[in-house]
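In: Predicted model and sequence follow; I will ask about them next.
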Amino acid sequence: SIDFPTAATYTFTAQADDGIRVYIDDTVLIDQWRDQEATFTASRALTAGAHTVRVEFYDAAGEAVAKVNWVAATTPPPPPPPPGGTCAAGQYTAEFFANKTLTGTAPAKTCEAGPMLNKDWALTAPATGIPADNWSARFTGSIDFPTATTYTFTAQADDGIRVYIDGTVLIDQWRDQEATFTATRALTAGTHTVRVEFYDAYQEAVAKVSWVGAPPP
């Protein structure tokens with residue numbers, strides 16, 4: 001039972017001669033059970049506190065080596081908070097919550113680039129004070145749509161995602177998943193409010209929303 005002092009994504013390195021398996025909390029992380037002299041790496045997001053590390057090893061002939069170590073990823077600081085609470089035109093005001101339900105006060109707020117939303121946090125926490133798993137976020141932006149036409153919106157998510165245009169839901173896929181969804185909406189030219197709600201349950205966290213306008217007839 002090993003103490004991991006910080007909630008972070010840890011990169012584990014296993015050096016073996018010969019076969020080796022590494023488990024974290026009884027879930028296999030590295031499985032290289034064969035005659036070899038090699039080094040392997042794998043990553044896992046962990047909460048702070050005690051976790052069970054189990055290493056299985058065998059030696060066939062000659063040298064016998066089994067080494068396992070790890071290092072925590074450094075979470076980069078989030079972008080500065082919105083000046084005066086307002087993001088620039090074309091940006092998203094992002095609110096991050098330390099739960100999957102967008103409830104309570106958001107402990108982290110940032111400005112995110114627009115007009116498309118293109119976020120891939122991999123296995124890392126999205127902001128200071130937010131865990132790497134079991135969190136949610138809301139992105140709200142006033143986005144310019146230059147042409148009056150029907151737009152096809154694409155949302156790629158891991159896990160749950162909702163997309164609203166001017167307060168009306170367009171895509172509602174609020175569940176654990178790794179999937180892509182599309183929906184269409186006719187819009188007038190000008191500024192429209194795009195709101196994206198997202199939650200991450202475990203492991204990879206991806207929230208991407210893009211759109212393309214139909215060509216004129």
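Out: Received it, and whenever you're ready, just let me know what you need. Numbering: from 1, shown residues only.
In: Residue ranges in this protein under the pLDDT threshold?
Out: Applying pLDDT under 70 to the chain picks out residues 74-85, 217.
In: could you pull out the helices for it?
Out: Here the chain has no helices by DSSP state H.
In: What residue spans form the domains of it?
Out: Per the record, the chain has its domains at 2-72, 83-213, by automatic domain parsing.
In: Work out the gap between the shortest one and the centre of the chain.
Out: By that I understand domain 2-72. 24 Å (Cα atoms, centre = their mean, to the nearest Å).
In: Identify the bridge partners of the residue nearest the centre of the chain.
Out: Nearest residue to the geometric centre of the chain (Cα atoms, centre = their mean): residue 205, 2.1 Å. Taking DSSP bridges, one finds residue 122 as the beta-bridge partners of residue 205.
In: Is it in contact with residue 131, as I believe?
Out: No. Counting by Cβ atoms under 8 Å, residue 205 does not reach residue 131; the two are 10.7 Å apart. All C-beta spots, glycine's among them, are computed from the backbone N, C-alpha and C.
In: returning to what we had before: please identify the deepest-packed of the domains of the chain.
Out: domain 83-213 (a mean of 17; mean count of other Cβ atoms under 10 Å).
In: Return the distance of that domain from the chain's centre.
Out: Distance, centroid of domain 83-213 to centroid of chain: 12 Å (Cα atoms, centre = their mean).
In: and the residue nearest to the centre of the chain, how far is that from residue 149?
Out: Separation of residue 205 from residue 149 (Cβ to Cβ, to the nearest Å): 32 Å.
In: and what of residue 204?
Out: Here residue 204 is placed at a distance of 34 Å from residue 149 (Cβ to Cβ).
In: Same check on residue 168?
Out: 18 Å.
In: With residue 94 instead?
Out: Taking Cβ to Cβ, one finds residue 94 at 28 Å from residue 149.
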